[in-house]
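Visitor: Here you go, sequence then predicted model.
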Amino acid sequence: MKNILYIGNALSNKVSTTTVIETLSSHLSALYQVKVASIKSNKILRLLDMIKLVVKNRIKADMVLIDTYSTINFYYALIISQLCRFLNIKYINILHGGNLESRLKHSPKLSHLIFNNAYELVAPSYFLKTVFEKYGYTNVIFIPNSIQIENYEFNNRRITAIKLLWVRSFSSIYNPSLAVLVLEQLLQRNYKAELTMIGPDTDGSLEKVQILANSKKLKVNFTGKLSKKDWLALSKESNIFINTTNLDNTPVSVIEAMALGLPIVSTNVGGLPFLITDNEDGILVAPKNVDEMVDAVIKLKSNEDLRTKLVHNARLKAESFAWKAVKPKWVELLS
């Protein structure tokens, strides 16, 4: 059985929602020997833990998977990739985040060291695949993030009162304040509307959004971080999913909403138009545009035929992200 090392931030039990590294490593563990680093919150200790895992398993390791983002994790990826080169271990970068292009643009030499020497680059969206190919990288393959589709009960919801659902980590790049402004305008237009926002804080945005809601005397249900089971249960009380991000790749939360039968209104940024086909399986609107998002929400409420078409098409698309559909791609790559 092959030995796989998986390097990334497995921190969901501490500060965030379940991460790709935890989901994917769990799936791969049924096929290979998989060891993961790191669960450590301290950044220095996390890096040392990653290095320790690679050095300790340098003889047996057949492949190292490295989650690669544009922020501090970029430097983890740089250090671990060069350590793998020194130890003559093949590595694969799994690309994440809608802002990874900024590294290709502003850190071209470091990017070249990481990506040009990788065995393969795995892009979880055609958006990132296109971005990397634009910068001359030809070793890019598309393997989407997966979901356990059987855990997502499809429900074609009728909309009387508008019940908005927002699921994401609270971060400025995801523009959570827009959700509150959408609620405000819906109420000003005399629609019955509610908003539930699920997710942990990452940069102080949660407090800012709470202050905004209070200043406008809006009642918003802030749940904080919830387990997958709990937020899926809570989602049954909602009937429209809104994604307000300014920058993104292919959010798993949007795929999950598609699987659940929640009609989606999302900003048209990054990888979202690669995931959502406008007016076919969701509605895309301009970023930072309250009016467009509100109009789209009202459109879903007033046009039942459109809503029914969107949610059924979205469920079919979500099924292409099931592990049983994604698994053969990983098996082929790692074989």
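Guide: On my side now, so go ahead.

Visitor: how close does residue 5 sit to residue 61?
Guide: 5 Å (CB to CB, to the nearest Å). (Each C-beta comes from the backbone N, C-alpha and C, glycine too.)

Visitor: typo on my end, residue 249
Guide: 27 Å.

Visitor: The two: who's more crowded?
Guide: residue 249 (26 against 22; other CB atoms under 10 Å).

Visitor: Let me see the residues that make contact with stretch 212-225.
Guide: 16-17, 177, 180, 183-184, 187, 194-200, 206, 209-210, 231, 234 (CB atoms under 8 Å, 6 or more residues apart in numbering).

Visitor: Recalculate using a threshold of 7 Å.
Guide: 17, 177, 180, 183-184, 195-200, 210, 234 (CB atoms under 7 Å, 6 or more residues apart in numbering).

Visitor: show me the contacts for residue 317.
Guide: By CB under 7 Å, 6+ apart, the neighbours of residue 317 are 258, 281.

Visitor: Mark out where each domain of this protein begins and ends.
Guide: Per automatic domain parsing, the domain ranges recorded for the chain read 3-144+323-334, 149-319.

Visitor: can you put those in JSON lines and add mean pLDDT?
Guide: Listed next are the domains of the chain as JSON lines, based on pLDDT from 0 to 100:
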{"stretch": "domain 3-144+323-334", "mean pLDDT": "93"}
{"stretch": "domain 149-319", "mean pLDDT": "96"}
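
Visitor: Determine the number of other residues adjacent to residue 328.
Guide: If we define neighbours as other CB under 10 Å, then residue 328 has 10 of them.

Visitor: Can you show me the strands along the stretch 201-335 of the chain?
Guide: 221-224, 240-243, 264-267, 283-285 (DSSP state E, counting those that start in this stretch).

Visitor: Export these to CSV and append columns for mean neighbour count and distance to residue 128.
Guide: Compiled in CSV, the strands of the stretch 201-335 of the chain are given as follows (neighbours: other CB atoms under 10 Å; distance: least, CB to CB, whole Å):
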stretch, mean neighbour count, distance to residue 128
strand 221-224, 14, 30
strand 240-243, 26, 18
strand 264-267, 25, 17
strand 283-285, 22, 18
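
Visitor: Turn these into JSON lines, including distance to residue 112.
Guide: Below are these laid out as JSON lines (distance: least, CB to CB, whole Å):
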{"stretch": "strand 221-224", "distance to residue 112": "41"}
{"stretch": "strand 240-243", "distance to residue 112": "33"}
{"stretch": "strand 264-267", "distance to residue 112": "32"}
{"stretch": "strand 283-285", "distance to residue 112": "34"}
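
Visitor: Any idea which of those strands gets closest to residue 300?
Guide: strand 240-243 (5.8 Å; CB to CB).

Visitor: What segments of this structure are helices?
Guide: For the chain, helices defined by DSSP state H occupy the ranges 20-28, 43-56, 73-87, 101-106, 108-115, 126-134, 177-188, 205-215, 228-235, 252-260, 272-275, 290-302, 304-319, 323-334.

Visitor: Any idea which of these gets closest to residue 154?
Guide: Of the helices of the chain, nearest to residue 154 by CB to CB is helix 304-319, at 5.2 Å.

Visitor: got the angle between the closest one and helix 290-302?
Guide: 100 degrees (axes from the mean of the first three to the mean of the last three CA atoms, to 10 degrees).

Visitor: Please identify the buried residues of helix 304-319?
Guide: By neighbour count with 16 or more other CB atoms under 10 Å, helix 304-319 contains the buried residues 307, 310, 311, 313, 314, 315, 317, 318, 319.

Visitor: The fourth one is in contact with residue 281, isn't it?
Guide: Yes: Residue 313 lies in contact with residue 281 (CB atoms under 7 Å); the separation is 4.0 Å.

Visitor: Need the overlap of contacts for those two.
Guide: What both residue 313 and residue 281 touch, as defined by CB under 7 Å, 6+ apart, is an empty set.

Visitor: out of everything not next to it in sequence, what's closest to residue 270?
Guide: Of all residues not flanking residue 270 in the chain, residue 98 sits nearest, at 3.5 Å (CB to CB, 6 or more residues apart in numbering).
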